[in-house]
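3D model of this:
(chains A and B)
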Amino acid sequence: EAGVAQSPRYKIIEKRQSVAFWCNPISGHATLYWYQQILGQGPKLLIQFQNNGVVDDSQLPKDRFSAERLKGVDSTLKIQPAKLEDSAVYLCASSLGSTPLHFGNGTRLTVT
Amino acid sequence: SQQGEEDPQALSIQEGENATMNCSYKTSINNLQWYRQNSGRGLVHLILIRSNEREKHSGRLRVTLDTSKKSSSLLITASRAADTASYFCATEKIQGAQKLVFGQGTRLTINP
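Got it, this is the predicted structure:
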């Protein structure tokens, strides 16, 4: 079974620029998650989708972050405009039910 | 917000020794999960223990759960260099937002 695919692997941008990350979950997994992992910390949930509907986005900074999951398959996470504190690894995960989660290798974002 | 608190934050042992990591949490849970993260990679699910279970084994892994103390431990026996990674506990809450919440992690180093 192919794993969760994420791209790009690395991204360096200047503050106030915009950036987008892409995720393709494991085939058949209805639930998709975006997590933010700051260096030295555990992952923090940004948004959870069930098919193409949002289940939980309570910790998504909606003034600058947006996410969509069109057709209930792949998903994009966008940051506009980026701030220095957005430097982190952005992890996408998917699951068949609620658990366990299968993670991609993440996108490491550096904002300068 | 982080629900689980891992202890210790970092652990360094010799190959062949046992490694024990602890996790404490705050609210009632459906289950508690342990994940491993190798440097630069995504998280990998190791084991899940439900709230009505007290102990679970998987290969060299042994997990215990004490719901009265709101704590769990992960024991890795006969450690190997390949076990070097960060280990995270994650709790699935009974209700409310943020259903799966990760702790800060324990960084385990196995010295050959």
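
thought residue A:65 was touching residue A:78?
Yes: counting by C-beta atoms under 8 Å, residue A:78 is a contact partner of residue A:65 at 7.0 Å. Every residue, glycine included, has its C-beta placed from N, CA and C.

who has more neighbours, the two?
Between residue A:65 and residue A:78, counted using other C-beta atoms under 10 Å in any protein chain shown, the more crowded position is residue A:65 (19 against 14).

quick check: phi and psi at the more buried one.
phi -110, psi 140 (degrees, to the nearest 10).

one more: residue B:103?
phi -90, psi -170.

chain neighbours aside, what residue packs nearest to residue 38?
Picked chain A for this. Using C-beta to C-beta, 6 or more residues apart in numbering or on different chains and skipping residues adjacent in sequence, the residue nearest residue A:38 is residue A:88, 4.7 Å away.

nope, chain B please
residue B:85 (4.8 Å).

where in the chain is pLDDT low?
No chain specified, so I'll use chain A. Within chain A, the stretches with pLDDT under 70 are A:1.

let me rephrase: I mean chain B.
B:1-3, B:95-98.

show me where chain A has helices.
Under the criterion DSSP state H, chain A carries no helices.

please identify the buried residues of stretch B:83-102?
B:83-93, B:98-102 (16 or more other C-beta atoms under 10 Å in any protein chain shown).
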